[in-house]
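Asks: missing the sequence, but the structure's below:
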DNA sequence: CTGTAATTTCAGTTATTCTTGAAATGACAG
DNA sequence: CTGTCATTTCAAGAATAACTGAAATTACAG
């Protein structure tokens, strides 16, 4: 690895963490390099820094592009592809969450709804049906909250997160019950129309 | 697989999703079976339902126990181990988040802080240093918020999540800036007693 | 103790995923 | 077109991870 020790340590750690979250270790490392870099990098530069084969880097970049996690750039008078990560870390978080939601949460919600259509025909299945239903409700609550948060500007979002549980006190002062009453999980607009 | 079609579909889907989140597919399936089950199950019963080898199930259960995701039970006059998942889905979410934080987020924070100790000695490293610092701050903000939420009773938590962005309106009514000002991530008060 | 049922361990096998070099494709200046 | 550089694809090999059966260990009733 052709990286400063700070960078190398981070890259290795990030690759390791990525692999625990279902992301190929080398893809994680490629991302980490881009994340830390000053300037856009082309594939050859990543090869030099990480020592992977050219084709492996190519595949990693393709994967990262499929996740919208890197941006393709071009430099004047240079036909190679250069890549960067967004400057704004919150943008990165938004993209990551949006992609995982799209790929994993939404299909799971669809599956749960589909399974709930089938009516159970045994005690065991009745119980299973009930659990699936609770799970669906929980996911709907969380994704509904996510949709709300996702609409906020970053500064607002940071404010709300900083407030944390203190928001409770504010909520206590206001007419919380009427607001809660207006938004039961049953009258949320179905997630499918948000695509 | 010896499961009703509803159960089988969920188990397969869940195993698939698990594998995308860094969880061994069969471990995910074992969890799914327990999650849906009416009653506590022993290893042999899981073998029958899923068709894995006895030792594979044993290892899967061990893994799930290491994550505190299943609970060990004993039935009267039966020395076999029986397993269940918590009745309360929110409890499951809390455990999952707590474990992932402990295993992945906390070590990452430590690593970031450790790397920030080293002072950068090149432009590239100065930039990298800056990015690591931003990343640490972002994670600190998120984990601080998580700590706050985690202290709430489930009902309160659900209320806040249901409110979603509406909380903005409440925040607008109150003196939000003074509250925000009082809570820099460094001076969080220990037990916000609201419970 | 002894015998038996239950569980766990572990070395070897199998399956899956990752990585690579070589070849193919694409892009474009001359 | 043609030649060059950049990127991608792909089949084969390498590395990991998962799974198994057999043996070892544990737990406990008699």
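Replies: Perfect, I can see it now. What you see is a predicted model; the values in this text were computed from it and never measured.
Asks: quick one: low-confidence ranges for chain A?
Replies: A:168-195 (pLDDT under 70).
Asks: tell me the residues of it that contact DNA strand D?
Replies: Counting by CB under 7 Å from any atom of the strand, the positions of chain A adjacent to DNA strand D are A:19, A:42-44, A:54-55, A:58-59, A:61-62, A:79-81. For glycine as for every other residue, the C-beta is placed from the backbone atoms N, C-alpha and C.
Asks: out of these, list just those in strands.
Replies: residue A:42 (DSSP state E).
Asks: can you go through the residues of chain A next to DNA strand D and name the buried ones?
Replies: A:19, A:42, A:43, A:59, A:61, A:81 (16 or more other CB atoms under 10 Å in any protein chain shown).
Asks: can you tell me which residues in chain A are near DNA strand C?
Replies: A:24, A:25, A:26, A:27, A:52, A:53, A:54, A:55, A:56, A:59, A:79.
Asks: which one of those is nearest to DNA strand D?
Replies: residue A:55 (3.2 Å; CB to the nearest atom of the strand).
Asks: which of the helices or strands spans residue A:135?
Replies: For residue A:135, the element it lies in under DSSP states H and E is helix A:123-151.
Asks: helices or strands next to that helix in the packing?
Replies: helix A:89-100, helix A:106-117, helix B:5-20, helix B:25-36, helix B:89-100, helix B:154-163 (3 or more CB pairs under 8 Å, 6 or more residues apart in numbering or on different chains; DSSP states H and E).
Asks: okay if I get the residues of chain A next to DNA strand D as TSV plus distance to residue A:113?
Replies: What follows is the residues of chain A next to DNA strand D, written out as TSV (distance: CB to CB, whole Å):
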residue	distance to residue A:113
A:19	32
A:42	45
A:43	42
A:44	47
A:54	44
A:55	41
A:58	39
A:59	35
A:61	36
A:62	33
A:79	48
A:80	46
A:81	41
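Asks: got the residues of chain A next to DNA strand D as CSV, with distance to chain B columns?
Replies: Converted to CSV, these look like this (distance: CB to the nearest CB, whole Å):
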residue, distance to chain B
A:19, 7
A:42, 16
A:43, 18
A:44, 17
A:54, 22
A:55, 24
A:58, 23
A:59, 18
A:61, 19
A:62, 18
A:79, 25
A:80, 20
A:81, 21
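Asks: now the two most distant members of the residues of chain A next to DNA strand D.
Replies: Greatest spatial distance among the residues of chain A next to DNA strand D (CB to CB): A:19 and A:79, at 33.4 Å.
Asks: outline the domain layout of chain A.
Replies: Residue ranges for the domains of chain A, per automatic domain parsing: A:5-84, A:98-194.
Asks: deepest-packed of these, please.
Replies: Burial of the domains of chain A is given as mean neighbour count (mean count of other CB atoms under 10 Å in any protein chain shown); domain A:5-84 ranks first at a mean of 18.
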